[in-house]
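>>> After the sequence you'll find the predicted model.
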Amino acid sequence: MKDYYQTYQLKAKLFYSAITSWQADTLFGAFCWSYLYLYGETELETLLNMYLNDLPPIIFSNGFPGDYLPRPLYTQYYDFAAAQKMNKQAWLNRLQECKKEKKIKYLTLNDFQKWQQGIFQLREVIKEDDLIYIKNTSHNQVSRLTNTVDEDGNFFHLVEWSTKEEYISVYLKIALGYEEKVYQTLELMGQRGIGKKHNLNQGAFTIIKFDIFDGFKEILAPNSFVSLSDFVPANNDPVKGCYKLFVKTGKTDLGKNPFKKSLIMLKNGSVMGLNDNLKPYYGRMIPGLANDKRVCQYGLAFAVPAKVKFYDEEADFLIKN
């Protein structure tokens, strides 16, 4: 399965801004629409059946600013055995370090590679607003009947974002033979835009670079993985790890009701211990969340190998971050 995929990095420069976050499932949905326009409904059904039969041809990460990567949700705080051997002042110093560490949103590629090998070095605190520019834009709603703004104005705000870096990086594991189709589909995605208000060029981008990426270190005998995408664990996936949960309510352009049923997902940066040999991906596709039965929710984890130590299983507060 490892030789089935090649890892690529997409460097995408936003034309203007975006409203919807570039989460892996959002990117997958935009990819499917563009794939449909290029290759037709039969080809799209074939593609989706590969996902449902546990042979996904493309694994998506979330989008990240520049070459930065998410801080894994594992900290040195969880070294319970070492903490018991510390004196009080050393333990307090460790807590202060971990408090600072939890504020870090992103790591440089170099620090991420060290983290993969279990080397923890506290660097500068890189927060989201250091790399992401967020602004509120005000709008009035125009009546479709009168083509004017009503007296009450129907005033509302939209939150838009863009990166302070030159580009956004999306990492993809692509099955051999799909490279050209993926590139052509990504080009169309950039023209069509991604997410809310994409018809107004929100989320539209141009491709700066699309090339093979070998920046994720191969780890000898990894005992865990960190996910670069939000995901939903499959039945046989690892259950021990450090993670954060959030509720996702997706949307679809198919059917009368645009909203999918809500589900709980694990955030990107979650770190899970391995039960067996490392796989290229974990998680699963979730059907049945929309009125249109053809719609599936993407919930696959872009797995990157790591070697960390998990501690006392009986101390539940050490397992969740």
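Everything's here; your move.
>>> Okay, now the unreliable bits of the stretch 151-300 of the chain?
151-158, 255, 292 (pLDDT under 70).
>>> all helices for the stretch 101-250 of the chain, in order.
Assigned by DSSP state H, counting those that start in this stretch, the helices in the stretch 101-250 of the chain fall at 109-116, 128-131, 179-192.
>>> nearest to residue 212, of these?
Minimum separation from residue 212 across these (CB to CB) falls at helix 179-192, 9.4 Å. Bear in mind the C-beta positions are built from the backbone N, C-alpha and C, glycine included.
>>> partner residues bridging residue 175?
residue 5 (DSSP bridges).
>>> just checking, it touches residue 5?
Yes - when contacts are counted by CB atoms under 8 Å, residue 175 is listed as touching residue 5 (6.0 Å).
>>> circling back: output the helices of the stretch 101-250 of the chain as a markdown table; include the columns mean neighbour count and distance to residue 248.
Converted to a markdown table, these look like this (neighbours: other CB atoms under 10 Å; distance: least, CB to CB, whole Å):
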| stretch | mean neighbour count | distance to residue 248 |
| --- | --- | --- |
| helix 109-116 | 18 | 25 |
| helix 128-131 | 12 | 19 |
| helix 179-192 | 17 | 21 |
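>>> of all the ones you listed, which lies closest to residue 171?
helix 109-116 (11.3 Å).
>>> returning to what we had before: now render the helices of the stretch 101-250 of the chain as JSON lines, adding distance to residue 309.
Formatted as JSON lines, these follow (distance: least, CB to CB, whole Å):
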{"stretch": "helix 109-116", "distance to residue 309": "13"}
{"stretch": "helix 128-131", "distance to residue 309": "28"}
{"stretch": "helix 179-192", "distance to residue 309": "37"}
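>>> quick one: which of the ones you listed is nearest residue 34?
Of the helices of the stretch 101-250 of the chain, nearest to residue 34 by CB to CB is helix 179-192, at 4.1 Å.
>>> Could you give the number of residues near residue 9?
18 (other CB atoms under 10 Å).
>>> Just to check, it is in contact with residue 174?
No - judged on CB under 8 Å, residue 9 makes no contact with residue 174 at a distance of 11.2 Å.
>>> remind me which residues of the stretch 1-150 of the chain are low pLDDT?
Using pLDDT under 70, the flagged stretches of the stretch 1-150 of the chain are 1-2, 75-84, 122-125, 136-150.
>>> residue boundaries of the strands in the stretch 51-200 of the chain?
Ranges of strands in the stretch 51-200 of the chain, per DSSP state E, counting those that start in this stretch, are 58-65, 69-70, 106-107, 132-139, 156-163, 168-175.
>>> Could you say which one of those strands comes nearest to residue 288?
Here strand 58-65 is closest among the strands of the stretch 51-200 of the chain (CB to CB), at 21.2 Å.
>>> list the helices and strands the closest one packs on?
Contacts defined by 3 or more CB pairs under 8 Å, 6 or more residues apart in numbering; DSSP states H and E place strand 58-65 against helix 24-39, strand 168-175, strand 300-306.
>>> Can you tell me what sits against it?
Outside strand 58-65, the residues that touch it by CB atoms under 8 Å, 6 or more residues apart in numbering are 5, 12, 21-24, 27-28, 31, 70, 106, 131-132, 163-165, 168-175, 178, 182, 228-230, 268, 280-281, 298, 300, 302.
>>> Report the contact partners of the closest residue to residue 165 other than its chain neighbours.
Distances taken as CB to CB, 6 or more residues apart in numbering place residue 66 nearest to residue 165, at 3.2 Å, with adjacent residues excluded. By CB under 8 Å, 6+ apart, the contact list for residue 66 reads 131, 163, 165-169.
>>> with those in mind, which one is nearest to residue 121?
Nearest to residue 121 among those, with distances taken as CB to CB, is residue 131, at 19.8 Å.
>>> There's contact between that closest one and residue 165 in this structure, I believe.
Yes - look at residue 131 against residue 165 with CB under 8 Å: they come within range, at 6.1 Å.
>>> Need the overlap of contacts for these two.
Jointly contacting residue 131 and residue 165 under the rule CB under 8 Å, 6+ apart are 65-66, 68.
>>> export those residues to TSV and tack on distance to residue 188?
Converted to TSV, the shared contacts of residue 131 and residue 165 look like this (distance: CB to CB, whole Å):
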residue	distance to residue 188
65	23
66	24
68	27
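>>> closest to residue 208 among these?
Nearest to residue 208 among the shared contacts of residue 131 and residue 165, with distances taken as CB to CB, is residue 66, at 11.2 Å.
>>> Pull up the distance across stretch 57-71, start to finish.
Using CA to CA, to the nearest Å, one end of stretch 57-71 lies 27 Å from the other.
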